Every structure is written in C-alpha cells, then in structure tokens.
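S.K.: starting from these lines, generate the structure:
(chains A and B, ligands or ions: 3)
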Amino acid sequence: MINSHILSQEFEFVEPHTIGEAVKWMAAYRGNAKFMAGGTDLLVRMKMGRARPEAIINLSKIPALRYLIIEPGLRIGVLTTFRQIERNGFIQKRYTALHEAAKAVTSIQIKTMGTLGGNLCHGSPAADSAPPLIAFGAEVRMIEGDKERTIPLEAFFSGPGQTLLTRKELMVEIQVPEPKANTGSAFVKLGRVSADLAKVSVAVVIEREEDFCRDCKMVMGSVAEIPLRTKGAERILMGRKFKEDLVEKASLQVSEEIKPINDMRSTAWYRKEVSKILVRDAINLAWKRAV
Amino acid sequence: MKVSKTYPLKLNVNGEWKKAEVTPRETLLHVMRERLSHTEVKEGCGKGDCGACAVLLDGKPVNACLTLALQADGQRVVTLKGIGTPDKPHPLQESFIKKGAIQCGFCSAGMIVTAKGLLDKNPKPSREEIGKAISGNLCRCTGYKKIIEAIEEAALKLRRTKNDRR
Ligand SMILES: Cc1cc2nc3c(=O)[nH]c(=O)nc-3n(C[C@H](O)[C@H](O)[C@H](O)COP(=O)(O)OP(=O)(O)OC[C@H]3O[C@@H](n4cnc5c(N)ncnc54)[C@H](O)[C@@H]3O)c2cc1C
Ligand code: FES
Ligand code: FES
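M.R.: Ligands and ions are numbered 1, 2, ... in the order given. So this is what the prediction gives:
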C-alpha cells in the first residue's frame, strides 16, 4: 500500500561519514542493504514493496560524495542534485544538454532531493541525466571493498532497472570530458504533462566545423530497455555538410533504430512517430548552438 | 515479532528544536503529523506526485512523504505554520485568501510552502517562473490561475515592504 506515512517493512538505518565506512557497512550486510542518496526512487520502491532491504545506508552525510568540480572537464560527486546542476551557469553554457535535462525533471521538490548518482543507479531507461551524460562521453567510477573501476556510462545500463553495479558496489563519481571547441548540445523531452517522466527524450551533441558536422552523438531515453545511443542516425550527420534533408534522414533513421514499448505513458507507435520530431528539433538546436 | 530499533531524532521545526525517538520506517510526514502534531503538513499521493506534503528542509522545498524522518535529522523544517499564523499571516497567506486561491484548501499548505521557497530565492519571479516552481504541486480545484496571481501579488507586497524599510 502506497498511501502510508510509515513504510510497511522493518529495516535498519546507518549513516556513514566516509566512503570507506559506507562500503564496509554494505559488506557487513552482505549486499542486502541499499544505499540511499535522495531516496526519491528507493522510498517509492519500498512503499510499493518492490525493494526490501535489511538496512538503508544513508549516503547524505558523506561530504566526499558531494562536490562539483570544473577542471576543465566535470567531476561530479554522486550526491550532486538536479537543482545544483540546473543552477550552475558553466554547465548551462558548456554542457547545455545536461542543464536542460536537469531543468526538465518533474518538480522543484524532486530536483532538490534527487541526485545524479541515484538517477543513474536506479537504472531507468527514462533517467533524464543519462542521455546527455552518455552523449558527452561520461564515465562513472565505482567502489566495492578495496576494488575500484571506472567504466563508460554508455556500457553501464543493462536492462530496465538493471545496471552493471554489483549488489555491494558504490558509485562515487561521474566524470565528463571537456567538450571540444565549437560544440553545441540540446536535450528535448516530451512528457504527458511537463511535470512527468519522459515518454521520449533525446540528447544531441554536435561538433561543428564551419558548415560541416565533424562529430555527432545522439542518445535517447524511454525508447528501449536502456538509454539508447542511435549510432545509425549519428553516422548520417557525421563528417557531412549540414543540410536540412540530412536532418530529416537522421530523424527517420532514429525511428528504425529505437525499440519502444507500450506502457501507461504512451504507445510504441506514438513514441516512434514523435521521436522523429524530437530528434529533428534537438539536432537543429544543437547545431545552432555549436558556434 | 521483531521489535523495531529506534533512533534519536532532532529537528528544528519552525524555529524550535524538537526531539523524538523514531524507527527508520517513519517518514518525515508521519513524524510531523502524528508525533509533533503538525497536521498542516498534508498527505495526498504519498509518492512525490502532488506536493501536498511539501515542507522547507534547510530552506528548500521537499516532499515530506518521500523523506525519512531520519534523513532530516539535525535540519531545519519549516511548515505552513512557520510561515505565518492567523494572527500574523504572511503576505502569501493574505493574498491566497484575498484572491480566492483557496477552495477546498487541501493543496494550500504545500502550495504556500513551495511559493515561500521560491520567493526566498527569487523575490521577483515571472509568471513562467512561478508556474515552474509550483509544477510539483497539484490543485484539483482552482485551475492555478488564482494561485499564480496570489503569489505574484504577495511578491509585489513583499518587495514594497522591503523597500519601505530601507
Ligand atoms: C514524483 C517523481 C517524479 C520524478 N520525475 C523524474 C524525472 O522527471 N526525471 C527523472 O530522470 N527521474 C525522475 N524521478 C525519479 C527520481 O527522482 C530520480 O531518478 C532521482 O535522480 C533519483 O535520485 P535519488 O538520489 O533520489 O535516488 P535514491 O532513491 O536515493 O536511489 C536510487 C537507487 O540508486 C541506488 N543508489 C543511489 N546512490 C547510489 C550510489 N552512489 N551508488 C550505488 N547505488 C546508489 C539506491 O540504492 C537506489 O536503488 C521522479 C521520481 C518521483 C517520485
Ligand atoms: S503526499 Fe507527498 S507528494 Fe503527494
Ligand atoms: S484548493 Fe482544492 S486542491 Fe487546491
């Protein structure tokens, strides 16, 4: 039952102050605990009985996970919230698609609590931060015990609600390379109403050289089991002179590449149709911004 | 039956420190309503969709139904009553009444709390900014127009009184 002030299940609550303590707690619970950042996904899942951890390991008292460093790429501590991303002027300018994704998140309340780490680790194909971060070539750093690994975000998602994180692994950082000069980007999302999860979303990052599209990355949300890079459409634009009919061709290619489903938010057919328009708009926006 | 372990909780509610022993599964919404008698914090959907339960946590609007009480430990919580009372209403509360921005009133507490969060950061919001700020607060009665007007009017009044004091 969801309308409850009290969660129906019993669990313990621990509050580490360092990354080391957090992974030790997870080992002590043998992977049967859950890390919690803002809790906006986890608590809904627990209220619905879809997650039943023995304990919650609250990350929010770990200062070493809360930072946003510009150097000149980005290093984003996992506790960084959508609100902090949205309000950062440098990100708005250089990583416009990421700014627009944060801006597109449902409500001020969710932006205030919701973190980038939680958004990615939840593993939803509708996670708004995923398309822009993948398109910018982000990598994520994760820790388990004394082992550490860094993998491309593009390879991180493995299915709806599934990622490469092991049960005990903690994501600590998102690293985003500096975009090349003359790069422009855009994120376009269509929800049922403006305050909702995406029916379809797309992030486009374009590197421009005069009238040519030197490089292009295109990643879509809510159109497959995972956030999906549409490489066929990228190839249509890459290395070519930018022309309207190519944009048209790329947007048609996208509707071939995606594998949307029917669900409560939309039908697969509608998602394919509307994708063409969203992709066209996002490409044109990114191109215009690439100066 | 397994007995729940309890944990000490300290909250600053509307300027006053309160203590309670709570179990982890109690949300901030539950502790506010059932333990601390702050029934001005409403429960609508219980899952982050409606904003009826909005409070300011360290000055920022959050949904109390999606926050564990222990997550808020040591922090400042401001509810509708902390913004103004019947004897000393805040300009937001006055303009909501005057403009007819309250019908059944169920959304009003969360709406006013969220609007306060906005005006604290942005004393001169545009209509569009007001609309964005309350996009997580559902109202099934008013159609939002009067709410937006009420927030605009309160913002104007607050700016005037601030200027008068200078
Ligand atoms: C009403 C509502 C509206 C929403 N709207 C949107 C929207 O518009 N766009 C969108 O993208 N999302 C939306 N969401 C989903 C959610 O708010 C976001 O995904 C948010 O970013 C999750 O972050 P969090 O910090 O709250 O995660 P949490 O709930 O704390 O964690 C999510 C999951 O990740 C795990 N986790 C968290 N941090 C780590 C870590 N560092 N290492 C390993 N595992 C970790 C947790 O164990 C949990 O399983 C919405 C949710 C609600 C309730
Ligand atoms: S009751 Fe908390 S958002 Fe609806
Ligand atoms: S006044 Fe009734 S829900 Fe807003």
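S.K.: tell me the contacts of the nearest residue to A:Glu248 once chain neighbours are set aside?
M.R.: Distance criterion CB to CB, 6 or more residues apart in numbering or on different chains; nearest residue to A:Glu248, sequence neighbours excluded, is A:Arg280 at 7.0 Å. Using the backbone N, CA and C atoms, a C-beta is placed for each residue, glycine as well. Residues counted as contacts of A:Arg280 (CB atoms under 8 Å, 6 or more residues apart in numbering or on different chains) are A:247-248, A:251.
S.K.: all the helices of the stretch 51-200 of chain A, residue numbers only.
M.R.: A:82-86, A:89-94, A:96-103, A:108-113, A:116-122, A:130-135 (DSSP state H, counting those that start in this stretch).
S.K.: tabulate these (TSV), appending mean pLDDT.
M.R.: Shown next, in TSV, are the helices of the stretch 51-200 of chain A (pLDDT from 0 to 100):
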stretch	mean pLDDT
helix A:82-86	98
helix A:89-94	97
helix A:96-103	98
helix A:108-113	97
helix A:116-122	98
helix A:130-135	98
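S.K.: so which of the ones you listed gets nearest A:Phe35?
M.R.: helix A:116-122 (7.6 Å; CB to CB).
S.K.: chain center to that closest one: distance?
M.R.: From the chain centre to the centre of helix A:116-122 is a distance of 7 Å (CA atoms, centre = their mean, to the nearest Å).
S.K.: ok, stretch A:212-231 next?
M.R.: 13 Å.
S.K.: distance check, B:Glu128 against ligand 3.
M.R.: For B:Glu128, the distance to ligand 3 equals 21 Å [CB to the nearest ligand atom, to the nearest Å].
S.K.: repeat for B:Leu158
M.R.: The spacing between B:Leu158 and ligand 3, counted by CB to the nearest ligand atom, is 22 Å.
S.K.: got the domain ranges for the chain?
M.R.: Since no chain was named, I'll use chain A. A:12-58, A:65-176, A:183-289 (automatic domain parsing).
S.K.: hm, I was asking about chain B
M.R.: Using automatic domain parsing, chain B is parsed into the domains B:7-79, B:91-164.
S.K.: want to throw those domains into JSON lines with mean neighbour count and distance to A:Tyr95?
M.R.: Shown next, in JSON lines, are these (neighbours: other CB atoms under 10 Å in any protein chain shown; distance: least, CB to CB, whole Å):
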{"stretch": "domain B:7-79", "mean neighbour count": "21", "distance to A:Tyr95": "23"}
{"stretch": "domain B:91-164", "mean neighbour count": "19", "distance to A:Tyr95": "21"}
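S.K.: low-scoring stretches of the stretch 151-291 of chain A, by residue?
M.R.: A:192-196 (pLDDT under 70).
S.K.: quick one: residues contacting A:Ala290.
M.R.: Contacts of A:Ala290 (CB under 8 Å, 6+ apart): A:182-184, A:206-208.
S.K.: report the contact partners of the closest residue to ligand 1 within the stretch 151-291 of chain A.
M.R.: Nearest to ligand 1 in the stretch 151-291 of chain A, going by CB to the nearest ligand atom, is A:Met171, at a distance of 3.7 Å. With contact set as CB under 8 Å, 6+ apart, A:Met171 has these partners: A:78, A:117, A:120-121, A:140-142, A:165.
S.K.: max pairwise distance over those: which two?
M.R.: A:Cys121 and A:Arg141 (12.6 Å).
S.K.: which of those two has more neighbours?
M.R.: The residue with more neighbours, out of A:Cys121 and A:Arg141, is A:Cys121; 24 against 16, by other CB atoms under 10 Å in any protein chain shown.
S.K.: my read: A:Leu237 touches A:Ala250, true?
M.R.: Yes - here A:Leu237 reaches A:Ala250: they are 5.6 Å apart, a contact under CB atoms under 8 Å.
S.K.: what touches both of these two?
M.R.: A:Ile283.
S.K.: returning to what we had before: closest one to A:Pro131 out of the contacts of A:Ala290, please.
M.R.: Using CB to CB, A:Ile206 is the member of the contacts of A:Ala290 that lies nearest A:Pro131, at 14.2 Å.
S.K.: so how far is A:Ala27 from the closest residue to that closest one other than its chain neighbours?
M.R.: Nearest residue to A:Ile206, sequence neighbours excluded (CB to CB, 6+ apart): A:Ala286, at 4.4 Å. Distance, A:Ala286 to A:Ala27, using CB to CB, to the nearest Å: 44 Å.
S.K.: check A:Gly137 too.
M.R.: A:Gly137 is 32 Å from A:Ala27, by CB to CB.
S.K.: about what we covered before: which one of the helices of the stretch 51-200 of chain A lies nearest to chain B?
M.R.: Between chain B and the helices of the stretch 51-200 of chain A, the shortest gap by CB to the nearest CB is with helix A:108-113, which sits at 4.7 Å.
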